[in-house]
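Enquirer: how does the following fold in three dimensions:
(chains A, B, C and D)
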Number of protein chains: 4
Amino acid sequence: MRETEAEARRPAGSPRLGVGMVGYAFMGAAHSQGWRTAGRVFDLPLQPALAALCGRDATAVRAAADRMGWAGSETDWRALIARDDVDLVDICTPGDSHAEIAVAALEAGKHVLCEKPLANSVEEAEAMVAAASAARSRGLLAMVGFNYRRLPAAAFARQLVAGGRIGDLRHVRVTYLQDWLTDPEAPLTWRLQRDRAGSGALGDLGAHIVDLAQYLSGESVVGVSALTETFVTERPLPAGPAGGLGGTAAPGERGPVTVDDAAVFTARLSSGALASFEATRFAAGRKNALTIELNGSRGSLSFDLERLNELSFHDHTEPAATAGFRRILVTEPDHPYLDAWWPPGHGLGYEHTFVHQARDLVHAVAEGAAPVPTFADGLQVQRVLAAVEESAAKNSVFTPVQVSVPA
Amino acid sequence: MRETEAEARRPAGSPRLGVGMVGYAFMGAAHSQGWRTAGRVFDLPLQPALAALCGRDATAVRAAADRMGWAGSETDWRALIARDDVDLVDICTPGDSHAEIAVAALEAGKHVLCEKPLANSVEEAEAMVAAASAARSRGLLAMVGFNYRRLPAAAFARQLVAGGRIGDLRHVRVTYLQDWLTDPEAPLTWRLQRDRAGSGALGDLGAHIVDLAQYLSGESVVGVSALTETFVTERPLPAGPAGGLGGTAAPGERGPVTVDDAAVFTARLSSGALASFEATRFAAGRKNALTIELNGSRGSLSFDLERLNELSFHDHTEPAATAGFRRILVTEPDHPYLDAWWPPGHGLGYEHTFVHQARDLVHAVAEGAAPVPTFADGLQVQRVLAAVEESAAKNSVFTPVQVSVPA
Amino acid sequence: MRETEAEARRPAGSPRLGVGMVGYAFMGAAHSQGWRTAGRVFDLPLQPALAALCGRDATAVRAAADRMGWAGSETDWRALIARDDVDLVDICTPGDSHAEIAVAALEAGKHVLCEKPLANSVEEAEAMVAAASAARSRGLLAMVGFNYRRLPAAAFARQLVAGGRIGDLRHVRVTYLQDWLTDPEAPLTWRLQRDRAGSGALGDLGAHIVDLAQYLSGESVVGVSALTETFVTERPLPAGPAGGLGGTAAPGERGPVTVDDAAVFTARLSSGALASFEATRFAAGRKNALTIELNGSRGSLSFDLERLNELSFHDHTEPAATAGFRRILVTEPDHPYLDAWWPPGHGLGYEHTFVHQARDLVHAVAEGAAPVPTFADGLQVQRVLAAVEESAAKNSVFTPVQVSVPA
Amino acid sequence: MRETEAEARRPAGSPRLGVGMVGYAFMGAAHSQGWRTAGRVFDLPLQPALAALCGRDATAVRAAADRMGWAGSETDWRALIARDDVDLVDICTPGDSHAEIAVAALEAGKHVLCEKPLANSVEEAEAMVAAASAARSRGLLAMVGFNYRRLPAAAFARQLVAGGRIGDLRHVRVTYLQDWLTDPEAPLTWRLQRDRAGSGALGDLGAHIVDLAQYLSGESVVGVSALTETFVTERPLPAGPAGGLGGTAAPGERGPVTVDDAAVFTARLSSGALASFEATRFAAGRKNALTIELNGSRGSLSFDLERLNELSFHDHTEPAATAGFRRILVTEPDHPYLDAWWPPGHGLGYEHTFVHQARDLVHAVAEGAAPVPTFADGLQVQRVLAAVEESAAKNSVFTPVQVSVPA
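Expert: Numbering: from 1, shown residues only, chains lettered A, B, ... in the order given. Next comes the predicted model:
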């Protein structure tokens, strides 16, 4: 057997948590980095072992497994979840296969980490929640991968909100702006096809910001009013196997874009606060501009993913003359996750969210505690997205969201 | 006769333009600064003379006139517009008196500059447009005071958009965030009373951003979907004469807030671009955060009134490796209005918008050209605001805006 | 007599302060704006009257006087200081004439405001201090025009330092970066000639930052180690009358640049704190980047003139997790000078420093109190500049600065 | 044998590069992350194997090896360099042992990577250069670990400078500001002891910025004029084994600080450009503020390590009206190192510099090409630091730096 990260052990006798992962594109690479690194940086009660990687092309998946440090490889996800050396299944595929794999994995007695959005429909998500609930009684855990909750700045913002530092919430404004579809000749990847991706900017970017807004505020979105738009309705087919982002276009043939390019919506939160959301891939110059601001009666918070090590905090209880948004470098030992990393000011990157996600999930497994965000949290986001699509289809009328989980 | 700025003349024989102004609070002070300064900095074809200031309290208005440099004073606006030494009437009162004064002034043969919002209702605004139209044939001009169009950064942004530098417009996102009502004990000034102010954040702040979005994009808002909210429904009555902003509260007595505290709405522009708007006085830490961003197929622009000498421009036609939002200090001689001011990097302030407004209006009068923004532009904004209120009242349903003027 | 701002009066019977100004280029225009506006915005005990403007060309100075609002005009500064209607002489000429005019004006019984740098040499500055000292006993005041002390952000920073908010000072780092000489074909104006300007970037920009560093820290520079450089040693002669900044070059003829293009120097302050200074006109893209940062044991302050309404403050006594540089918008009523201006967030501009300077000087005259910065402060800056030149000439050796005034 | 990352192999048959590392504190952890990750992200011609880790305490080093993924462990660096499975020795100890270990490793036939500063004295550094030169003829490579050259933003800035985008260099200004010694009760770690650390802020932070300034400019520092200072001369002894940063203080006992707390110096570069440098651990609120700006005749560049994914570029050849510092997110596939990472806008962190360093060194070994920065580059930095100390000791006199390597 080849010696890989999969079998590395830290403390002698430290128990092993075998991980099997489905999918190895962008998300797969990021998750691999998370699984490889978590135990090297954090003291973990279980040591993640990268047992096997699953993909449809045997040669390609074997090469990816070698590169990313996975011991075994599989071409059928059913084989993967049947492996004895796999305790946890990590699902990094497009949304159309989430429900099937997750439910089967849970039924097969595996813990599950599922990439966001949880599913492509509320129905699928409900089935997943039911499966997770049933599996919970057998000691199995299920988590959805809203990785941005694991940004130290986001986790710290949540602490400040929960600690009352912004008081009664009045406003939340959130954007997730990218620009990779600005060019009308960008190719028609799976992310632009409804049957694979479920929706467009809404499910890909909107899911993140709905979850983050609910997480940071500690509230639920109770209704939305939405506009969506597809600016470019036809694009060239991709040349070669279509990755999710970018790639090259094939000459000649074109196909229809069947998802939204952008979605803007307003919302009310459970406290009565007003919120605005915007998700788009047409904001030229904005590469990954997930921005969120919360205004309350005692203070405000502001964050921009393009400057992910920073959190802006305004303390409204200070004298006006010395008050102002302060730029907190979220790199102090007292900040979430930071005691394991570098000295103050030595910033982390995007991929660290996956290291933290792996860390938190390993702790949850070891301690038998339900990890957040749960599948129910993922369902709740799905319901918001469905309400957005319904509102957009019904002349933007305010559309209530069924709230079944406490935020 | 007292010698004042009112009679100052620059070039010997330079013709005089007599100005009479109604109202002398915040806006009156800002307009006075504009009228006093325009001819000292710019070469003007007519020299503004600050002929008379009008207010209800004779002693107070006389003191204000002395302080601000107005020769005469009046306590009745009808007397003001009747004065022979007044060629132009500048209306700086709350919105409930705009229509009456403006129509009377135009009928009395005076040019009119009217503060925004043009009126408190579409009906009033329509009457004002009709009066302006009738007066136009008699050589009289009417302009509405959307002063932010006169920010050099805004005027330059308009030039870039008109020159095609951002290409086909996809997104506009605009906020106008203030925080002076965050404190529930802030007093109930006229700005919080529907009969005086017409609406709350919507008319005060929303009017500015609707106009600016339409001006910069060169497009009209064709429909909106809105949420509005009054977070604090009762406030202490103000002690003493109630100014618009701040002031102190009287002990004991309270009254109802009859306007919105905040409004968030989405919109479609005539090209199909998506827009989002937010106006609030509850964004703790945001003092005057009028922000606007436009994303197009060839570039993007971004502006923040709290940094009014700067414009951010992303040129999407550049190679990706060297592209990025550039911070243009809009203080070069080639920028609008700047050849008359200081060397590069020596920033201007808020009040300069009123100097520029005075300059542009004086040129229009001298040249007999219709100044923009016209009353029709003001009416168009009013229609958007009315549609916002209608949508908010009708469960946020998308509400079309009648478009009668070319943007 | 022409009616001008010169004779405007505010409160009936408010005493008059007749101002005569020498020079009407960039600084003259800025000072005019200050004198015209101060009494319109602030409650002043004396009302400035713009009595007469002085320049060498009779036609040009008369036109400038008309434009800027000065009643009379003179072509000989000796005539100006002899006028009965002139109580205060404002000197806006290049540095080579400061000493002669200032001394003569003080001897003629006039108050004096002299632009910075106080003089072109320590000897001249000493003579001016002596004249000011002698005149003081006759009730006459003398002030040097370091206008940046009158930025609200700077004045507020001084309050924070004086209040102990940054603790024991460790570091000061200051730059004043411009770029108008980057182009080697920029013309040879008087500012590039030693006999007129005294020095180059050092006297023009360096004087400002030395004064500001001493003012904000409350300390004196006690010694310096310096490098200076002239990158472009020959430039085209200017076409037409040479203004200080910009203008056009004449074809063909060139002359030598006899001043420094840039100066960098380190320093020790009286407390032992380390400081660094840089003044240059060759920093491409930096238009007016006067930046200053102070680090102390309890906090830090940071300021950038290109964002003049902002002050950055780090409170090092806060818990590390919530500490960070906060961006204070220095536009609150509690901030220096701001109670007379606009609501929070409505920023001021560069020229407001001259309004504030006029305000402060009028108060000093009315109250008979010595205004700061005094001529002695100006001399102290001059001594630092001389030490910089001496150090640069002596292989950068640390060169002590004679300190004769308490900072 | 325990299975670790040390033995992981990617492509079957990919040759192995055995790495042995000395030291496992902050730098050791960062290097480990680099060695573990490089082959997982980049296509490498050799696969790094983490063969053995060396430290003085057998138990501690074994635990560290387990945690960080090293197969073996040693307590004597001489044993480490004698191991057959070690091809390359990575030196992460304090500066006082660099020379001895590096020279011995090269003599033992190993490639060497040595942390910065190269040594604690010029003499040691010269011996290391001689050893590296001798070893080079035997096919052995030696590199010094100025990791910040491997920031994508820095590497891209170098490309822009080398491509002529900023033209003739006029100014370089560089700071490296931290604040962890602001508290006078921070403990006396080895970094504050001259015999271990060589110097204080100068060697630790100053070495980085001297190298970076020389690298980015492509020029050498030819002379310096310096001030240094120790603000707090006595500190509590550390409790327990003293790490380099932080740790806790022992009660009671104190010892002398024998290195500088801060160093400020001016410099001339080979082209005649002026430079300023500041290194300090007393800048309250600045956590890791390595900032560098270069101004040239055609443009400027600006960088701040606290925002390490961004580079600011001003193109001075553009029309003034649209010119300005643009914020480039250095996360595009066309940027150095980025094609192997995440989509645009998904930022990297501090530790990625060590991944890139490992990548570049592996390529150099495979290709037999001398890696930069060479030991000669490290010596050159050492000479600058020595000149700084000499100048500071000699009243700041300008002190030439012997330049023996082409920059």
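Enquirer: near chain D, which residues of the stretch 51-200 of chain A are found?
Expert: Taking Cβ under 8 Å from any Cβ of the partner chain, the part of the stretch 51-200 of chain A that reaches chain D is made up of A:Ala63, A:Asp66, A:Arg67, A:Met68, A:Gly69, A:Gln178, A:Trp180. (C-beta placed from N, C-alpha, C; glycine too.)
Enquirer: with the stretch 201-350 of chain A instead?
Expert: A:245-246, A:286-289, A:305-309, A:329, A:331, A:342-350.
Enquirer: now a PyMOL select for only the buried ones of these.
Expert: The buried residues among those can be selected in PyMOL (16 or more other Cβ atoms under 10 Å in any protein chain shown) with this line:
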select buried, chain A and resi 245+286+287+288+289+305+306+307+308+309+329+331+342+343+344+345+346+347+348+349+350
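Enquirer: farthest-apart pair in the residues of the stretch 51-200 of chain A next to chain D, please.
Expert: Largest separation among these by Cβ to Cβ: A:Asp66 and A:Gln178, giving 31.3 Å.
Enquirer: domains of chain A?
Expert: For chain A, the structural domains run A:5-148, A:151-349+A:374-400, going by automatic domain parsing.
Enquirer: go through these and name the closest to D:Thr37.
Expert: D:Thr37 lies closest, by Cβ to Cβ, to one member of the domains of chain A: domain A:5-148, at 7.4 Å.
Enquirer: quick one: mean pLDDT over that closest one.
Expert: Across domain A:5-148, the average pLDDT comes to 94.
Enquirer: send over the helix or strand hosting A:Phe277 as PDB, restricted to the C-alpha atoms.
Expert: A:Phe277 belongs to strand A:274-280 when assigned by DSSP states H and E. The C-alpha trace of strand A:274-280 is given here as PDB (Å, rounded to 0.1, in the frame of the first residue of the first chain):
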ATOM      1  CA  LEU A 274     -34.700  44.900   7.400                       C
ATOM      2  CA  ALA A 275     -32.200  43.100   5.100                       C
ATOM      3  CA  SER A 276     -31.000  43.300   1.600                       C
ATOM      4  CA  PHE A 277     -29.200  40.700  -0.400                       C
ATOM      5  CA  GLU A 278     -27.500  40.600  -3.800                       C
ATOM      6  CA  ALA A 279     -25.800  37.800  -5.500                       C
ATOM      7  CA  THR A 280     -24.200  38.200  -8.900                       C
END
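Enquirer: buried set for it?
Expert: Buried, per 16+ other Cβ under 10 Å, within strand A:274-280: A:Leu274, A:Ala275, A:Ser276, A:Phe277, A:Glu278, A:Ala279, A:Thr280.
Enquirer: hey, what's A:Arg326 bridged with?
Expert: Taking DSSP bridges as the rule, A:Arg326 bridges to A:Phe313, C:Arg326.
Enquirer: tally of neighbours for it?
Expert: When neighbours are counted by other Cβ atoms under 10 Å in any protein chain shown, A:Arg326 registers 25.
Enquirer: equivalent analysis for A:Tyr24, please.
Expert: As a burial measure, A:Tyr24 scores 24 neighbours (other Cβ under 10 Å).
Enquirer: and the angle from the strand holding A:Phe277 to strand B:274-280?
Expert: Inter-element angle recorded for strand A:274-280 and strand B:274-280: 150 degrees (by axes from the mean of the first three to the mean of the last three Cα atoms, to 10 degrees).
Enquirer: show me what strand A:274-280 is packed up against.
Expert: In terms of contacts (3 or more Cβ pairs under 8 Å, 6 or more residues apart in numbering or on different chains; DSSP states H and E), strand A:274-280 is packed against strand A:169-177, helix A:207-217, strand A:262-269, strand B:169-177, strand B:262-269, strand B:274-280.
Enquirer: show me the contacts for the nearest residue to A:Arg158 once chain neighbours are set aside.
Expert: Nearest non-adjacent residue to A:Arg158, counting by Cβ to Cβ, 6 or more residues apart in numbering or on different chains: A:Leu216, 5.6 Å away. A:Leu216 makes contacts with A:Ala154, A:Ala157, A:Arg158, A:Val161, A:Val172, A:Ile292, A:Leu294, A:Leu301, as judged by Cβ atoms under 8 Å, 6 or more residues apart in numbering or on different chains.
Enquirer: and the strand holding A:Phe277, how far out from the chain's middle?
Expert: Put simply, strand A:274-280 sits 17 Å off its chain's centre (Cα atoms, centre = their mean, to the nearest Å).
Enquirer: and if you look at stretch A:213-224?
Expert: 16 Å.
Enquirer: which residues sit in contact with the residue nearest to the spatial centre of chain A?
Expert: Using Cα atoms, centre = their mean, the residue of chain A that lies closest to the mean C-alpha position is A:Phe146, 2.8 Å off. By Cβ under 8 Å, 6+ apart, the contact set of A:Phe146 is A:Lys116, A:Ala207, A:His208, A:Asp211, A:Leu212, A:Tyr215, A:Pro373, A:Asp377, A:Gly378, A:Val381.
Enquirer: need those in a markdown table (columns: neighbour count).
Expert: A markdown table is the format used below for the contacts of A:Phe146 (neighbours: other Cβ atoms under 10 Å in any protein chain shown):
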| residue | neighbour count |
| --- | --- |
| A:Lys116 | 23 |
| A:Ala207 | 26 |
| A:His208 | 22 |
| A:Asp211 | 24 |
| A:Leu212 | 25 |
| A:Tyr215 | 22 |
| A:Pro373 | 21 |
| A:Asp377 | 22 |
| A:Gly378 | 29 |
| A:Val381 | 30 |
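Enquirer: show me what contacts the closest residue to A:Gly206 other than its chain neighbours?
Expert: If the residues on either side of it in the chain are set aside, A:Gly206 comes closest to A:Ala279, at 4.0 Å by Cβ to Cβ, 6+ apart. By Cβ under 8 Å, 6+ apart, the contact set of A:Ala279 is A:Thr175, A:Tyr176, A:Leu177, A:Ala201, A:Leu202, A:Asp204, A:Leu205, A:Gly206, A:Ile209, A:Ala262, A:Ala263, A:Val264.
Enquirer: rerun that using 7 Å as the cut-off
Expert: Counting by Cβ atoms under 7 Å, 6 or more residues apart in numbering or on different chains, A:Ala279 touches A:Tyr176, A:Ala201, A:Leu202, A:Leu205, A:Gly206, A:Ile209, A:Ala262, A:Ala263.
Enquirer: got it, and A:Ala154?
Expert: Counting by Cβ under 7 Å, 6+ apart, A:Ala154 touches A:Tyr148, A:Leu212, A:Leu216, A:Phe303.
Enquirer: you'd agree it is in a helix?
Expert: Yes. Under DSSP: H, G, I helix; E, B strand; the rest coil, A:Ala154 sits within a helix.
Enquirer: and A:Gln193, how far from A:Asn120?
Expert: In this structure, A:Gln193 and A:Asn120 are 11 Å apart, going by Cβ to Cβ, to the nearest Å.
Enquirer: same thing with A:Gly20?
Expert: To A:Asn120, A:Gly20 is 22 Å away according to Cβ to Cβ.
Enquirer: comparing those two, which residue is more hemmed in?
Expert: Between A:Gly20 and A:Asn120, counted using other Cβ under 10 Å, the more crowded position is A:Gly20 (27 against 23).
Enquirer: near chain D, anything from the helix or strand hosting that one?
Expert: Per DSSP H and E, A:Gly20 falls inside strand A:16-22. No. Contact of strand A:16-22 with chain D (Cβ under 7 Å from any Cβ of the partner chain) is absent, the minimum separation being 11.5 Å.
Enquirer: could you list every helix and strand in contact with that strand?
Expert: Counting by 3 or more Cβ pairs under 7 Å, 6 or more residues apart in numbering or on different chains; DSSP states H and E, the packing neighbours recorded for strand A:16-22 are helix A:26-41, strand A:47-54, helix A:77-82, strand A:88-91.
Enquirer: got CSV for the ones you listed, with distance to A:Leu140 and mean neighbour count too?
Expert: Putting the helices and strands packed on strand A:16-22 into CSV (distance: least, Cβ to Cβ, whole Å; neighbours: other Cβ atoms under 10 Å in any protein chain shown) gives the following:
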stretch, distance to A:Leu140, mean neighbour count
helix A:26-41, 19, 24
strand A:47-54, 17, 26
helix A:77-82, 12, 19
strand A:88-91, 9, 28
